[in-house]
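build me a structure from this.
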Amino acid sequence: MSLYKRIFLLLGPHWKRLVLASGSASFHAVLSGLLVWMVGPLLMTLFQVENLPGLSDVAPPTGGTEAPQAGADIVNTASTWIEQLKASLKGWVSGLVSSETRQDTLVRFCWLILIVVVAKNFFSYLQGFVIAWVQQSIVRDLRDSLFQKYQRLSLAYFHRRRTGQVMSRVTNDVLVLHDSIDIGFNHLVTDIIMSVLFVSFLVILSWKLTLLAMIVLPLVFLFIYYVGKKLRKYSERSQEKMADVNSVLEEAINNVRIVKAFSMEGFELKKFMRATGEFFGSLLRMARIRRLASPINDTLISIAGVTILLYAGARIISGTGELDAGDFMTFVIAMFSLIKPVKSLSQVHVKLQEGVAAAKRVFKVLDTDEKIVDKPGARDFDQLKTGITYDNITFSYNENESVLHDISFEVPSGKVVAIVGPSGAGKSTLLDLLPRFYDPQQGRITVDDVDICDLKLSSLRSLMGIVTQETLLFNDSVFNNIAYGRSGVERERVYEAARMANADQFIRELENGYDTMVGNRGVMLSGGQRQRLAIARALVADPQILIFDEATSALDTESELLVQEAISRLMSGRTTLVVAHRLSTIVHADRIVVIDKGRMVEQGNHEELLKAGGLYHKLYQMQFKNGAEEVPRPTPGSVS
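You can find the predicted model right below:
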């Protein structure tokens, strides 16, 4: 589907309002044209003249004008028809305002002008309001569609892109589309109709002079096309530069602790200034082209107007003109009134080209293939009964390097399985496959012998609670972070979850207790406090499957004891997978799977693996050499 067609289809749901807006714009344009046409009759009424000195007395054709003889050329026939149309229009206006005295005629003129102005402005307001409703609706729908698309895209999509670039599609690109709709549809219909009306007036009044004026128009439209083509290219570049600015800003804010710790404020400032400088340069190139369009078009049209004025004025002065005083003034005013809508149309074209560039980027996101989707016929899953099976799993993030190779193991229902191994062995990736953050290239994962790819994503993930090393909280209250996404949850349920997560005491000591705001990404809390809130959040969700990805590796001993105690409560009776860096925390796991370089090299319980003397034994000895004691565990028989 072509880009322009897709943009047009965005307007489809709003066609009724667009018809109303177009009708209002049409009335506004026609009434604006009527004001211009009334200039001639008003002038003749005020000064009570039939013609001015030097003008030939050429009476307009009447109904008794002889028809063109057979064989007369097309030009003479068209001229006669135009003269008849002019006479009809002038007669219509005269019929509206004519009275027995000049004074009464003037009063009627004034009333007519007042009515036309009020009506014109009413339709202008109606058009503007309706178009504002349409453009805001389209912008809202696009932003909603983009955000919905982002929710459906896999983690791999976001890992390959900077956050600022992702955000720029929803903010900056859609804003450019908003401006394009505003400029395009608030002016497009009105300016086209006004341009057609004014050109029609010029042709009716003097088609010969109009042809002379039209000589310059091809130059105007050729220049408009050139400007639009350039601006579309520059607009795409400027949007990319704006995305770079957003990316640098987002990274500097999110990593402000690291920036300050390494005294890199100057370095980040240079990066930001470089990004804003490049954006500034792209905007200047756009401004140079955009600002050049209006004065050049204005100059070209004004040259045509002055040429006509000199030519027609010279003929009038010499007594060879073909217009009376009123028609000549109407012609001049209509000619210069034509400048504004033509200039506006050139800007409409420019804005539409910028909008097309932004739409292209937005549609590129909306057209992105969704890697992780529900299969046709995917079904719900309510209760885990027998367990989870990893069956010959092979996975790679790209085609050149495999991360996991032919891994198989089982996690019986209600049991705890720990995944251990050196850094970079693929432990976290292995767990990411279970909630289908990624899909393996080979093998499959089953729950109760059902391939997870045959289950609805929402149903599969609703079984799970995930606690990771980097606990991210939302900039909201403690209560809302624990009850995340569960509107109407009872406060007592949240309090109980916090007590089980060893979080209730520190929460109540906060300034506003459970209503305390935790700051961006939970920055107002310590690492141990954030982890306990994450555990409380998982407890409120009451998942059947728990996934812990090095949930305590970054904590001090005291915090770790509190978190481990909370984890033990959370794990009770649930199927659990644990990635642990500190082996002391998983010695009581029902099964330990040892991963090295993406391959499973051992599995068994703690005692069995120690006796085997393999990689697990080596890792254990490295952590507890020289007789170092294990970190105390909350209760025997639990994973602590």
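
excluding its backbone neighbours, what's nearest Thr516?
Nearest non-adjacent residue to Thr516, counting by C-beta to C-beta, 6 or more residues apart in numbering: Leu510, 4.1 Å away. To be clear about C-beta, it is placed using only N, CA and C from the backbone, and glycine gets the same treatment.

surely that neighbour touches Gly519?
No: using C-beta atoms under 8 Å, Leu510 is not in contact with Gly519; the gap is 11.6 Å.

between the two, who's got more neighbours?
The neighbour count for Leu510 versus Gly519, taken as other C-beta atoms under 10 Å, is higher for Leu510 (16 against 13).

so who does Tyr4 touch?
Residues in contact with Tyr4, defined by C-beta atoms under 8 Å, 6 or more residues apart in numbering, are Val356.

quick one: pLDDT of it?
pLDDT for Tyr4: 75.

now do the one 5 residues further on
Reading off the per-residue confidence, Leu9 sits at a pLDDT of 82.

for it, phi and psi?
Dihedral pair for Leu9: phi -70, psi -20, per degrees, to the nearest 10.

and for Tyr397?
Dihedral angles for Tyr397 - degrees, to the nearest 10 - are phi -80, psi -30.

roughly how far does the nearest residue to it once chain neighbours are set aside sit from Gly424?
In space, and not counting its chain neighbours, Tyr397 is closest to Val403: 6.2 Å by C-beta to C-beta, 6+ apart. As judged by C-beta to C-beta, to the nearest Å, Val403 and Gly424 stand 9 Å apart.

so between those two, which is more surrounded?
Val403 (19 against 12).

can you pull out the helices in the stretch 301-450 of the chain?
Taking DSSP state H, counting those that start in this stretch, the helices of the stretch 301-450 of the chain run over residues 325-337, 339-366, 427-432.

low-scoring stretches of the stretch 301-450 of the chain, by residue?
The model of the stretch 301-450 of the chain has pLDDT under 70 over residues 301, 315-317, 319-325, 346-347, 350.

at 80 what do you get?
When residues are selected by pLDDT under 80, those of the stretch 301-450 of the chain lie in 301-329, 332, 335-336, 338-340, 342-354, 398-401.

helix, strand or coil for Val467?
strand (DSSP: H, G, I helix; E, B strand; the rest coil).

quick one: it and Arg532 touch, right?
No: contact criterion C-beta under 8 Å: Val467 and Arg532 do not qualify, at 9.9 Å.

give me the domain ranges for this protein.
For the chain, automatic domain parsing gives the domain ranges 3-366, 470-542.

centre of the chain to the last one, how far?
Per C-alpha atoms, centre = their mean, to the nearest Å, the displacement of domain 470-542 from the mean C-alpha position of its chain is 32 Å.

pick out the residue nearest the middle of the protein.
The centre of the chain sits closest to Val170, judged by C-alpha atoms, centre = their mean, with a distance of 2.6 Å.

ok, that residue touching Leu146?
Yes: shown here, Val170 and Leu146 form a contact pair, counting by C-beta under 8 Å, at 5.0 Å.

before we move on, the earlier item: Throw the domains of the chain into JSON lines and include distance to Leu457, thanks.
Listed next are the domains of the chain as JSON lines, based on distance: least, C-beta to C-beta, whole Å:
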{"stretch": "domain 3-366", "distance to Leu457": "9"}
{"stretch": "domain 470-542", "distance to Leu457": "16"}
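
quick one, which of these is nearest to Lys597?
Lys597 sits nearest to domain 3-366 of all the domains of the chain, at 21.3 Å, using C-beta to C-beta.

re the thing from before, which ones are touching the residue nearest to the centre of the chain?
If you count contacts by C-beta under 8 Å, 6+ apart, Val170 has them with Arg143, Leu146, Phe147.

and the end-to-end length of stretch 510-522?
Using C-alpha to C-alpha, to the nearest Å, the end-to-end distance of stretch 510-522 comes to 13 Å.

so which bits of that stretch are buried?
By neighbour count with 16 or more other C-beta atoms under 10 Å, stretch 510-522 contains the buried residues Leu510, Tyr514, Thr516, Met517, Val518, Gly522.

quick one: the first one and Asn480, what's the gap?
Just to be clear, that refers to Leu510. 14 Å.

what about Leu546, neighbour count?
Counted with other C-beta under 10 Å, Leu546 comes out at 22.

wait, is it part of a strand?
Yes: looking at Leu546 with three-state DSSP, it is inside a strand.

so what's it up against?
Per C-beta under 8 Å, 6+ apart, neighbours of Leu546: Met464, Gly465, Ile466, Val467, Ala538, Leu570, Met571, Arg574, Thr575, Thr576, Leu577.

if we can go back for a sec, and the furthest pair within the buried residues of stretch 510-522?
Tyr514 and Gly522 (14.5 Å).

which residues of the stretch 501-640 of the chain score low on pLDDT?
520-521, 523, 527, 550-572, 580-585, 623-640.

residue ranges of the helices in it, please?
504-509, 527-541, 557-571, 606-612, 615-623.

in the fourth one, what counts as buried?
Okay, so that is helix 606-612. Here helix 606-612 shows His606, Leu609 as buried, counting by 16+ other C-beta under 10 Å.

which elements pack onto it?
When contacts are defined as 3 or more C-beta pairs under 8 Å, 6 or more residues apart in numbering; DSSP states H and E, helix 606-612 packs onto strand 591-596, strand 599-604, helix 615-623.

make CSV out of these and add distance to Thr429.
Output for the helices and strands packed on helix 606-612, formatted as CSV (distance: least, C-beta to C-beta, whole Å):
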stretch, distance to Thr429
strand 591-596, 9
strand 599-604, 13
helix 615-623, 18
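
mean neighbour count and distance to Ala418 added to these, as JSON lines?
Listed next are the helices and strands packed on helix 606-612 as JSON lines, based on neighbours: other C-beta atoms under 10 Å; distance: least, C-beta to C-beta, whole Å:
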{"stretch": "strand 591-596", "mean neighbour count": "23", "distance to Ala418": "5"}
{"stretch": "strand 599-604", "mean neighbour count": "18", "distance to Ala418": "10"}
{"stretch": "helix 615-623", "mean neighbour count": "15", "distance to Ala418": "10"}
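
follow-up on the earlier one: for Ile7, find the nearest of the helices of the stretch 501-640 of the chain.
Ile7 lies closest, by C-beta to C-beta, to one member of the helices of the stretch 501-640 of the chain: helix 527-541, at 41.8 Å.

elements contacting that closest one?
strand 464-468, helix 478-482, helix 491-500, helix 557-571.

what packs against the first one?
So that's strand 464-468. Under the contact rule (3+ C-beta pairs under 8 Å, 6+ apart), strand 464-468 is packed against helix 527-541, strand 545-549.

hmm, back to that, among the helices and strands packed on helix 606-612, which is nearest Gly313?
With C-beta to C-beta as the yardstick, what comes closest out of the helices and strands packed on helix 606-612 is strand 591-596 (92.3 Å).

which residues sit against the closest one?
407, 409, 411, 415-422, 425-427, 430, 586, 600-606, 609, 614-616.

returning to what we had before: what would the helices and strands packed on strand 464-468 look like in a markdown table with distance to Gln136?
Formatted as a markdown table, these follow (distance: least, C-beta to C-beta, whole Å):
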| stretch | distance to Gln136 |
| --- | --- |
| helix 527-541 | 35 |
| strand 545-549 | 42 |
